[in-house]
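# Please find the sequence and the predicted model below.
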Amino acid sequence: MAVLTAIYAGYGYVSGTLQPLTKSLDLFFLLPVFFAILVSLTGKKWSSTLLGTIVGLLFLYPTAGVPLSPHITISLIVNGLVFDMYLRESKTSLYDLSRRQLVTAGALSNLGMAVAGLLVFQIFGQAQPAYLWALALIGNPSVGAGGGFFGAIVVERVKGLQTRRVLEATASTKVRA
């Protein structure tokens with residue numbers, strides 16, 4: 001978890017300087033990828049919520065032209081929480097998650113993140129125009145689904161390599177015997 005937190009936080013600060021170009025879509029994609037990898041490979045409950053909370057707290061520190069960003073912290077916590085809650089309610093082993101489950105979790109968690117972030121703005125400051133709400137409510141889940149899909153592919157690849165190594169080790173043990 002520490003490695004994923006460091007990578008996401010470091011990349012987030014770099015991405016903050018490119019925000020006028022990327023509109024943070026790269027971060028909205030990367031978060032479900034990390035959640036999918038973390039949950040699938042560790043099998044730990046609430047690991048996405050923990051990762052989202054840690055990264056969110058790191059983003060409270062003003063950097064990259066963003067003064068104070070509690071909306072980011074709240075959004076990241078909600079993102080991890082929704083991801084974990086969806087997988088928890090799907091009632092399958094966290095080690096045997098399907099691609100569909102990870103895609104759905106990524107889409108729903110990014111939808112939750114969009115709603116949470118926009119609500120913070122609506123309640124505590126700048127009201128966002130309706131077109132921005134529409135764009136966020138359609139775009140964020142789409143990007144999250146893509147991130148969940150890519151994360152599932154990475155997980156399948158890693159698990160395939162692990163299985164192949166076990167099979168090769170078993171085969172070499174039998175040959176030696």
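On my side now, so go ahead.
# which residue ranges form the strands in this protein?
Applying DSSP state E to the chain gives no strands.
# Worst mean pLDDT across the helices and strands of it, which element?
Sorted by mean pLDDT, DSSP states H and E, the helices and strands of the chain end with helix 19-22, the least confident at a mean of 63.
# How many neighbouring residues does the residue lying closest to Val115 once chain neighbours are set aside have?
Sequence neighbours aside, Leu137 is the residue nearest to Val115 in space, at 7.4 Å (criterion: CB to CB, 6 or more residues apart in numbering). Quick note: C-beta positions are derived from backbone N, CA and C, even for glycine. Using other CB atoms under 10 Å, the number of residues around Leu137 comes to 14.
# and what of Glu89?
By the measure other CB under 10 Å, the count of residues near Glu89 is 7.
# Which pLDDT does the model give it?
The score at Glu89 is 92. That number is its pLDDT.
# what's the single longest helix in this structure?
Assignment by DSSP state H gives helix 130-176 as the longest helix of the chain.
# For it, give the mean pLDDT please.
Average pLDDT, helix 130-176: 85.
# Quick one: list the elements packing against that helix.
Helices and strands in packing contact with helix 130-176 are listed as helix 25-42, helix 99-124; criterion 3 or more CB pairs under 8 Å, 6 or more residues apart in numbering; DSSP states H and E.
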